[in-house]
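In: Below is the sequence, then the predicted model.
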Amino acid sequence: MGKKLVMAQKRGETRALCLGVAMVVCAVITYYILGTTVLPLYQKSVWTQESTCSLIDTNIRDQEELEGKKVPQYPCLWVNVSAVGRWAVLYHTEDTRDQNQQCSYIPGSLDNYQTARADVEKVKAKFHEHQVFHCFSTTRENETSVLYRRLYGPQTLLSFLFWPTFLLTGGLLIIAMVKINQSLSILAAQK
């Protein structure tokens, strides 16, 4: 009976150690992936200065109004603000600025023109409702654009790092508990 108990205990310890090691390995792989994808975007982000923006003007532009340039067929919201003592163009995120520099906000659903137009109208109404809001600007002198929301801010980075840290901590705790259990069982066997 005692030998079967020891064998079952060893199998359980082995499985627990494998689980702990697998959790640590997954955490390390996730840290590597985050370190090569998200961390460079966070470090390259120049939108670090939090400012207060005041709304100057909003305008919904359709395709015909965009200075004769060929752009996708969706309604486009253009927002001018006053930030850090100068006039600036407000962009929703870093990606909005990269996708189309003539649009401050690009609607999420571009399949249906009427749905996209209603979405843009709703965002325009919210800007007119709250005319003073927080925005992010860069420290560059000649920059005439600001962001409404940072995609790669400190909160985003912390949320990405939560689960790998949880996995790493859990895996290390499991390994430590198994090792403590093994050493205590050796001490008990010696007595």
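Out: Structure's in. What do you need?
In: Could you identify the longest strand within this structure?
Out: If you go by DSSP state E, the chain has its longest strand at strand 49-61.
In: Might one say that residue 100 is in contact with residue 76?
Out: Yes - taking contact to mean Cβ atoms under 8 Å, the distance of 7.1 Å between residue 100 and residue 76 places them in contact. (Each C-beta comes from the backbone N, C-alpha and C, glycine too.)
In: More neighbours: which of the two?
Out: Between residue 100 and residue 76, residue 76 has the larger neighbour count (other Cβ atoms under 10 Å), namely 22 against 16.
In: And the pLDDT for residue 63?
Out: Looking at residue 63, its pLDDT stands at 59.
In: whoops, I mixed them up, residue 115
Out: According to the model, residue 115 carries a pLDDT of 84.
In: same check, this time on the one 5 residues further on
Out: Model confidence at residue 120, expressed as pLDDT, equals 86.
In: Spit out the contact partners of residue 82.
Out: Contacts of residue 82 were listed using Cβ atoms under 8 Å, 6 or more residues apart in numbering, and they are 53, 54, 56, 88.
In: Name the nearest residue to residue 39, ignoring sequence neighbours.
Out: The spatially closest residue to residue 39, leaving aside those adjacent along the chain, is residue 157, at 7.4 Å (Cβ to Cβ, 6 or more residues apart in numbering).
In: For the strand or helix carrying the one you found, buried residues please.
Out: Of the helices and strands defined by DSSP states H and E, residue 157 is found in helix 154-190. Within helix 154-190, the residues scored as buried using 16 or more other Cβ atoms under 10 Å are 160, 161, 164, 167, 168, 171, 174, 175, 178.
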